[in-house]
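Chemist: what would the 3D arrangement of this be:
(one chain, ligands or ions: 2)
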Amino acid sequence: MSKTHQAERLDAVVVLAAGKGSRMKSDLPKVLHPIGGRPMLHHVLETAVALSPQRIVCVVGHGADRVQASAEACIAAHSATGLRFALQDPPQGTGHAMQCALSVMADGQPEGLCLVLYGDVPLIRAETLRKLLSAAAGAHGFALLTAELADPRGYGRIVRDAQGQILGCVEEKDASADQRNIREVNTGFMVLPKAQMGPMLARLSNDNAQGEYYLTDLVAMAHAQGTPMVGVAVSDFSETLGVNSQSQRADLERRFQALQAEALMAEGVSLADPGRIDVRGQLLCGRDVHVDVGCVFEGRVVLGDGVRIGPHCVLVDVEVQAGARIEAFSHLQKAVVGPQAVVGPYARLRPGTVLGEGSHVGNFTELKATELGAHSKANHLSYLGDATIGAHVNVGAGTITCNYDGANKHRTIIEDGAFIGSDSQLVAPVTVHAGATIGAGTTLTSDAPADQLTLSRSRQTSIARWKRPKKVSH
Ligand code: UD1
Ligand code: MG
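Modeler: Ligands and ions are numbered 1, 2, ... in the order given. Just a heads-up that it's a prediction; the model follows:
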């Protein structure tokens, strides 16, 4: 079956996201806990969008308002449509969740397929789900994603007859001792033909060990009425792992980061240790990029050819152009670092910083909304805020732009080739003209003319016969 044909037949993806997640011990609804910097639910919705269904139905319950707002934002960010919500309150099982979903998907194509996903199972891949959809379409029936586990505890077991036909799926709490020995389990992912789903869901009962309406009871119903039922073995079980606790979230976070690290290395990025990088967004790299240990990348980060990132740096929405180096322990946010520039160690670039080609920003230097021109240097202990600094400028250690008068921010302009002596304060608004030299320790309150030495400093004196006071003993 061609992909488009399959997409046409995928009437709905239902995402179950009503669970409370008590074991997270958090006020945040479980499906909004992040993996890779964005809610688990977004990963699932993005996978759903990749399958191009006619509609996505999100079943919400606990924290419905927040979950709904978050889902809407995610779908809008992907310019997708067709998102609907079904309220399940209180949750009475996965079968009940599907009954709720059904109530908002009565339109659509009766002969279409319905795929069930889980808001707390974020790593499932679209490719795996396409296989499941093809299996259901090919069999004109149900398809279940299954796995053989050495330790099947906690999962619903797949019961088959001697010929290998699937007879049903029995929950662990309802299983006989023999059934508990079955190692083939239900991962939860399921494709259902929409036409048969409604009548079957209507017949569900909650007469079982948990007093819940089990979606998995549909498996035995399908068998009983002769509807084909196929099991598809998942090739990587870790895709189907869900999150019930902080520990499981952290485990999936590492798995997700490992996948991203693998993808970066496959693109040629050199990682000092793929186990010690966190990408919480998009990291786009040119050729021969090297990233040392402990770095965190957030939002959209672009690293040009030959860029080197030292250990323990944080880059948020940053562009680092070819050949630039970010040294250890630097923090950069919404900044552009020009080619061959060197930043850090221990530098802080705040939003609106633009560094020119070959410029240097050294230790304990902070820049905010400041442009530092090509080959200019601010190597030590400075604060440069709201400043426009030209090319080949030397900013001495301890220089501060006094950009804030307590009410308003003002700009400092330093033109090409200026030299700012150490420990100077530039009281904005003020301009240092081209080629000017500012003497060390100057408090500059009016513009410094080009090519002259400007300094504000009381003349140094020495008192020859001065005696240091001595303590008088009584
Ligand atoms: C379910 C399956 C089980 C399978 C296992 C895989 C059923 C009856 N059992 O069991 O066969 O091996 O998943 O992990 O389906 N949810 C709702 N509303 C509800 C109940 C659940 O939205 O009323 C959501 C939960 O938030 C969760 C998911 O559905 O995301 C699964 O629910 P859970 O109760 O954890 O199912 P299991 O008991 O693990
Ligand atoms: Mg349960």
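Chemist: which intervals of the stretch 301-450 of the chain have sub-threshold pLDDT?
Modeler: Residue ranges of the stretch 301-450 of the chain with pLDDT under 70: none are present.
Chemist: do you know how far the residue most central in space within the chain is from residue 246?
Modeler: Centroid-nearest residue in the chain: residue 37, 2.7 Å away (criterion: Cα atoms, centre = their mean). For residue 37, the distance to residue 246 (Cβ to Cβ, to the nearest Å) stands at 16 Å. All C-beta spots, glycine's among them, are computed from the backbone N, C-alpha and C.
Chemist: pretty sure residue 46 contacts residue 74?
Modeler: Yes: proximity of residue 46 to residue 74 meets the contact threshold set by Cβ atoms under 8 Å, at 7.2 Å.
Chemist: average pLDDT for the helix ranked longest in the chain?
Modeler: Determined from DSSP state H, the single longest helix within the chain is helix 246-266. For helix 246-266, the mean per-residue pLDDT is 98.
Chemist: any idea which helix or strand comes after that helix?
Modeler: strand 270-271 (DSSP states H and E).
Chemist: so is the strand or helix carrying residue 222 next to ligand 1?
Modeler: If you go by DSSP H and E, residue 222 is part of helix 217-224. No: judged by Cβ under 6 Å from any ligand atom, helix 217-224 stays clear of ligand 1, getting no closer than 7.7 Å.
Chemist: mind listing what's buried in that helix?
Modeler: 217, 218, 219, 220, 221, 222, 223 (16 or more other Cβ atoms under 10 Å).
Chemist: off-centre distance for it?
Modeler: 39 Å (Cα atoms, centre = their mean, to the nearest Å).
Chemist: need the next SSE after it, C-terminal direction.
Modeler: strand 229-233.
Chemist: quick check: mean pLDDT of that next one?
Modeler: 97.
Chemist: make 17 the first number, not 1, from now on.
Modeler: Understood, numbering begins at 17; the last thing we discussed is strand 245-249.
Chemist: so which bits of that strand are buried?
Modeler: Residues 245, 246, 247, 248 are the ones in strand 245-249 that count as buried (16+ other Cβ under 10 Å).
Chemist: tell me the strands beside it, with direction?
Modeler: strand 158-164 (parallel) (DSSP bridges).
Chemist: residues of the strand it pairs with that come out buried?
Modeler: 158, 159, 160, 161, 162, 163.
Chemist: what do you get for stretch 306-320?
Modeler: Judged by neighbour count (16+ other Cβ under 10 Å), stretch 306-320 contains these buried residues: 306, 307, 308, 310, 311, 312, 313, 314, 317, 318, 319, 320.
Chemist: touching, the fourth one and residue 325? I think so.
Modeler: No: Residue 310 sits out of contact with residue 325 when judged by Cβ under 8 Å, with a separation of 10.1 Å.
Chemist: higher neighbour count, residue 62 and residue 90?
Modeler: residue 90 (21 against 17; other Cβ atoms under 10 Å).
Chemist: just give the closest residue to the more buried one, not the sequence neighbours.
Modeler: The shortest distance from residue 90 to any non-neighbouring residue, by Cβ to Cβ, 6 or more residues apart in numbering, is to residue 58 (4.4 Å).
Chemist: so the one you found belongs to a helix, correct?
Modeler: Yes: counting by DSSP: H, G, I helix; E, B strand; the rest coil, residue 58 is part of a helix.
Chemist: which pLDDT does the model give it?
Modeler: So residue 58 comes in at 98 (pLDDT).
Chemist: relative to residue 182, how far out is it?
Modeler: Distance from residue 58 to residue 182, by Cβ to Cβ: 33 Å.
Chemist: who has more neighbours out of the two?
Modeler: Per other Cβ under 10 Å, whichever of residue 58 and residue 182 has more neighbours is residue 58, with 24 against 21.
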